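Colleague: the amino acid sequence is not available; the structure is as follows:
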């Protein structure tokens with residue numbers, strides 16, 4: 001890595017640390033709110049208790065897997081990173097071998113600096129004891145799921161699908177392993193939103209707008225491409241096409257709007273291919289039943 005790229009990477013990580021220090025407990029509260037809304041939504045369909053749940057892209061915290069298990073589900077989290085609860089030498093050896101030194105360092109920083117206060121806040125929000133011993137998290141790719149057809153009652157995820165390089169293969173596999181009367185509850189962070197470029201400076205656009213990175217820079221000049229994770233840049237209309245081909249869509253739920261005061265006529269004129277609604281909606285939730293092939 002050349003010195004300029006190394007400096008940019010250091011600045012990115014410094015900004016991530018600053019946001020982690022300021023908002024770690026906020027993340028826990030946001031995650032609980034997401035889970036509580038999902039739990040309420042799924043209640044008329046049988047709820048979570050006793051159901052098999054696949055958490056797609058559970059992440060190093062595996063928080064959604066943990067909360068589903070706490071609600072009585074038999075929950076399995078999958079991620080391309082080696083995911084295990086707690087600090088174990090074998091886990092970090094596996095991350096270093098499978099995911100490389102950068103992911104090793106990021107996971108170690110999370111474990112040492114943020115995991116304990118994050119889970120304390122999550123436990124304070126939850127209305128049940130967090131069952132860490134029941135977390136089943138596996139290093140598995142969603143495009144090659146090692147599960148039989150029709151295994152799960154629900155497939156859930158939170159801000160994961162926008163990071164997948166092969167979205168069609170992932171949708172195929174999710175449709176395969178979800179039961180015919182099962183459901184998806186898949187939250188996608190909308191790429192076209194002001195925070196959809198995943199630049200850390202626009203994490204909270206309405207309360208902490210950036211004075212250095214232009215709004216919607218990722219759709220305009222893209223002068224600040226350094227972000228913590230790769231994104232596939234798939235737009236909502238393309239998600240619709242992919243998932244409508246494989247699922248009976250029961251609901252397509254937009255989340256709240258953000259950046260309303262920042263979307264000027266000048267920016268709209270720069271982005272004629274995007275509607276105002278697409279630019280302002282933070283994300284959307286895909287609720288569907290798989291279309292099963294007849295044999």
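Modeller: Cool, got the structure. None of these values were measured; they are calculated from a predicted model. Residues are numbered from 1 along each chain as shown.
Colleague: any regions of this protein where pLDDT drops low?
Modeller: Within the chain, the segments meeting pLDDT under 70 span 1-2, 4-6, 82, 84-87, 89, 294-295.
Colleague: show me which strand runs longest in it.
Modeller: For the chain, the longest strand by residue count, based on DSSP state E, is strand 178-189.
Colleague: in it, what's buried?
Modeller: For strand 178-189, a neighbour-count test (16 or more other C-beta atoms under 10 Å) marks 178, 179, 182, 183, 184, 185, 186, 187, 188, 189 as buried. No exception for glycine: its C-beta is placed from N, CA and C like everyone else's.
Colleague: just confirm the second one contacts residue 154, I think it does.
Modeller: Spelled out, it's residue 179. No - counting by C-beta atoms under 8 Å, residue 179 stays clear of residue 154, with 9.0 Å between them.
Colleague: in what helix or strand does the residue lying closest to residue 75 once chain neighbours are set aside lie?
Modeller: Of all residues not flanking residue 75 in the chain, residue 68 sits nearest, at 3.9 Å (C-beta to C-beta, 6 or more residues apart in numbering). Assigned by DSSP states H and E, residue 68 falls within helix 63-70.
Colleague: going along the chain, name the strands of the chain.
Modeller: Remark: strands assigned in the chain by DSSP E are 52-56, 74-79, 136-139, 152-158, 178-189, 247-254, 283-290.
Colleague: distance between the fourth one and the chain's centre?
Modeller: Taking the mean of its C-alpha atoms, strand 152-158 sits 12 Å from the chain's own mean (C-alpha atoms, centre = their mean, to the nearest Å).
Colleague: same thing with the first one?
Modeller: Per C-alpha atoms, centre = their mean, the displacement of strand 52-56 from the mean C-alpha position of its chain is 13 Å.
Colleague: give the pairing partners of that strand; include direction for each.
Modeller: Using DSSP bridges, strand 52-56 pairs in its sheet with strand 74-79 (parallel), strand 152-158 (parallel).
Colleague: cool, the fifth one as well?
Modeller: Strand 178-189 sits in its sheet next to strand 152-158 (parallel), strand 283-290 (antiparallel), going by DSSP bridges.
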